[in-house]
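Trainee: Here is the input, now give the coordinates:
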Amino acid sequence: MDPVDALNEIAFWLERELAPSFKVKAFRNAAAAISPLTDDDVAARAHDGRLRRMKGIGDRTFEVIVQATEGTVPDYLQALRERAKQPLDAGGGELHALLKGDLHSHSDWSDGGSPIETMAQAARLLGREYLGLTDHSPNLTIANGLSSERLSQQLDLVDAFNAGGDGSFRLLAGIEVDILENGTLDQEPEMLNRLDVVVASVHSKLRSESRVMTRRMLGGIEDPHTDVLGHCTGRLVTGSRGSRPESEFDAARVFAACAENGVAVEINSRPERQDPPDDLIQRALDAGCLFSIDSDAHAPGQLDFLQYGAARAAANGVPADRIVTTWPLERLLEWTGRRR
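Mentor: All right, here's what the predicted structure looks like:
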């Protein structure tokens, strides 16, 4: 098989398994190192030893490349494929099969690790019909948030990507926009008007007292550009970043506002977030809210995290028709355009 494809596929499955980032990066770096070479050149370098001396090629990646150039599926890749036959979560299989898209993902334009095209291609390979490209907004400088100028440039790239496709997959122009402390959204309204989808999230001062946080969240929800309320509690329950408690807010008022304004409550599928917790999913369900099961992927393999979100939604009895990411594209875009 093609050695670049083999290396990138290994990185994909490792990301899906939550492998350490340095291990994933090793395979992506090796793929980048040999991608400018012809197949014959890669094979020749593998045969005479020059490949082993190339920057970015280690013992494991060298073994993968050699086996791929010999026309076999590399042993390491085959083992990963076998492990991947097991679902990430035993629950929610029927609901997961109904998901048509994902409204929350990041590329290397902000704090993601892969180019836009790589993220879109991975989503398409996973059977998605659409993917929201939602890089961060300017206030989140630590995540290289997009200024209006950079976002405008990204929109041109999204248009070009979709124009070059066959119509079976749509990359949605979007943003994960910060809800600022005064409740406004961290991007120019003229730019937000150009987008297919807007995920609004709080990323700062997560320990504000309930009254302050509630007012802030209500401002974001009531903005006519907002489609999805992202990871509403901001909690972290596991992972390399440690744990973080839930933000405090008036859930009754927040979810009532979501229901009134047609804003979907995100069921964030990242295993370290599991946000909202089950009790808040139930409260949002009782309030009549819509939901969006999203991956919040920062790398291609993480796009498959939707399995975790589907399992949590199913366990909490969320009806499929109230999950906007089960909707076909035409219905979804009609909904995101409802207030703009």
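Trainee: just checking, next helix/strand downstream of the top helix by length along the chain?
Mentor: Using DSSP state H to define each element, the chain has its longest helix at helix 148-163. The C-terminal neighbour of helix 148-163 among helices and strands, as given by DSSP states H and E, is strand 170-178.
Trainee: heading toward the C-terminus, what's the first helix or strand past that following strand?
Mentor: helix 189-192.
Trainee: mind listing what's buried in that next one?
Mentor: For helix 189-192, a neighbour-count test (16 or more other CB atoms under 10 Å) marks 191, 192 as buried. For glycine as for every other residue, the C-beta is placed from the backbone atoms N, C-alpha and C.
Trainee: can you list contacts of that helix?
Mentor: For helix 189-192, contacts defined as CB atoms under 8 Å, 6 or more residues apart in numbering pick out 148, 151, 152, 175, 177, 185, 198, 225, 340.
Trainee: I'd like these written out as TSV, with pLDDT, neighbour count and distance to residue 27 added.
Mentor: Formatted as TSV, the contacts of helix 189-192 follow (pLDDT from 0 to 100; neighbours: other CB atoms under 10 Å; distance: CB to CB, whole Å):
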residue	pLDDT	neighbour count	distance to residue 27
148	97	13	36
151	98	23	31
152	98	14	33
175	98	29	30
177	98	31	33
185	98	21	38
198	98	28	34
225	98	20	39
340	82	13	41
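Trainee: mind listing what residue 234 touches?
Mentor: Going by CB under 8 Å, 6+ apart, residue 234 touches 202, 203, 206, 244, 246, 247, 275.
Trainee: ok, now with 7 Å
Mentor: Going by CB atoms under 7 Å, 6 or more residues apart in numbering, residue 234 touches 202, 206, 244, 247.
Trainee: Now the buried members of those.
Mentor: The buried subset of the contacts of residue 234 (16+ other CB under 10 Å) comprises 202, 247.
Trainee: TSV for the contacts of residue 234, including secondary structure and distance to residue 327?
Mentor: Listed next are those as TSV, based on DSSP: H, G, I helix; E, B strand; the rest coil; distance: CB to CB, whole Å:
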residue	secondary structure	distance to residue 327
202	coil	26
206	coil	31
244	strand	32
247	coil	29
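Trainee: Would you tell me which one of the contacts of residue 234 comes nearest to residue 5?
Mentor: residue 244 (37.8 Å; CB to CB).
Trainee: In this structure the closest one contacts residue 236, no?
Mentor: Yes: Residue 244 lies in contact with residue 236 (CB atoms under 7 Å); the separation is 4.1 Å.
Trainee: neighbouring contacts of stretch 89-99?
Mentor: With CB under 7 Å, 6+ apart as the criterion, stretch 89-99 contacts 87, 293, 306-308, 310-311, 313-315, 320, 325-326.
Trainee: circling back: of the contacts of helix 189-192, just say which sits nearest to residue 302.
Mentor: For the contacts of helix 189-192, with residue 302 as the reference and CB to CB as the criterion, the closest is residue 175, at 18.6 Å.
Trainee: Can you tell me how far the residue nearest to that closest one when sequence neighbours are not counted is from residue 102?
Mentor: Excluding its sequence neighbours, the residue lying closest to residue 175 (CB to CB, 6 or more residues apart in numbering) is residue 134, at 5.5 Å. Applying CB to CB, to the nearest Å, the value for residue 134 to residue 102 is 10 Å.
Trainee: count of residues packed around the residue lying closest to residue 196 once chain neighbours are set aside?
Mentor: Using CB to CB, 6+ apart and skipping the chain neighbours, the partner closest in space to residue 196 is residue 172 (4.0 Å). Neighbour count for residue 172, taken as other CB atoms under 10 Å: 22.
Trainee: Now do the contacts for residue 172.
Mentor: Contacts for residue 172 were tallied using CB under 7 Å, 6+ apart; they are 130, 131, 132, 133, 196, 197.
Trainee: That one bridge partners, please.
Mentor: Beta bridges link residue 172 to residue 132 when assigned by DSSP bridges.
Trainee: how about the helices in the stretch 1-150 of the chain?
Mentor: 3-16, 21-34, 39-48, 59-69, 75-84, 93-98, 116-125, 148-163 (DSSP state H, counting those that start in this stretch).
Trainee: quick one: contacts of the first one?
Mentor: Read it as helix 3-16. Helix 3-16 is contacted by residues 23-24, 27-28, 30-31, 34-35, 42, 61, 64-65, 68-69, 74, 76-77, 80, 84, 122, 299-302, 304 when judged by CB under 7 Å, 6+ apart.
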